[in-house]
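A.B. asks: need a structure here:
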Amino acid sequence: MSESNRESQRRFEIKSSIPVLRMFDEAEARAFYLDYLGFEVDWESRFSPTAPLYMQVHLGDAIIHLNGHAREDAPISEVNIPVFGLQNYRDYLFAKGADYPKPIAVDPRYQGRNTDMNIWDPFGNYLVFCSQRTEG
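C.D. replies: Next up, the predicted model:
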């Protein structure tokens, strides 16, 4: 079967996935994701006024769901977030002087340039801000 026939028979399109990260403290999540990293809230949801928060945040094209319903034994997640201008983003975070570990851009692929910036969130999730191969 030719590629064009396969494409015409397929009546769906797969889009980017949205990671769901565990979150145990709403104020701490807002301080880290919104105030520190610079994400913005798209929407928030609660089943009742006293229920845990579930919210969607974004920074550029990166979208993350933060799940306040998660328990301590919920899986820890790792998320790769592509960044153009990784060193500039690192400088932006560093200049905030926040009480989080200082972000450091590293070269895990030994290509002679800093390609990743690895940050743990307050809930044990691992965020890898990675520069694109085509970037300087």
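A.B. asks: bridged to the nearest residue to Ser45 once chain neighbours are set aside, which residues?
C.D. replies: Leaving aside its sequence neighbours, Ser45 sits nearest to Tyr54 (Cβ to Cβ, 6 or more residues apart in numbering; 4.8 Å). Any C-beta I mention is one placed from the backbone N, CA and C, and that applies to glycine too. Tyr54 forms beta bridges with Ser45, Asn67, as assigned by DSSP bridges.
A.B. asks: what sits against Tyr54?
C.D. replies: Contact analysis of Tyr54 by Cβ atoms under 8 Å, 6 or more residues apart in numbering lists Glu44, Ser45, Arg46, His65, Leu66, Asn67, Gly68, His69.
A.B. asks: show me what the helix ranked longest in the chain is packed against.
C.D. replies: As assigned by DSSP state H, the longest helix anywhere in the chain is helix 86-95. Identification of packing neighbours for helix 86-95 by 3 or more Cβ pairs under 8 Å, 6 or more residues apart in numbering; DSSP states H and E yields strand 105-106, strand 116-120, strand 126-131.
A.B. asks: pull out the buried residues from stretch 123-136.
C.D. replies: The neighbour-count check on stretch 123-136 (16 or more other Cβ atoms under 10 Å) flags Phe123, Asn125, Leu127, Val128, Phe129, Cys130, Ser131 as buried.
A.B. asks: output those as a markdown table; include the columns pLDDT and distance to Pro82.
C.D. replies: Formatted as a markdown table, those follow (pLDDT from 0 to 100; distance: Cβ to Cβ, whole Å):
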| residue | pLDDT | distance to Pro82 |
| --- | --- | --- |
| Phe123 | 96 | 22 |
| Asn125 | 95 | 17 |
| Leu127 | 94 | 12 |
| Val128 | 92 | 10 |
| Phe129 | 93 | 8 |
| Cys130 | 91 | 6 |
| Ser131 | 86 | 8 |
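A.B. asks: nearest to Ala74, of those?
C.D. replies: Checking those against Ala74 by Cβ to Cβ gives Phe123 as the nearest, at 8.9 Å.
A.B. asks: hmm, the closest one is touching Met23, no?
C.D. replies: Yes: applying Cβ atoms under 8 Å as the test, Phe123 and Met23 come out as touching, 5.6 Å apart.
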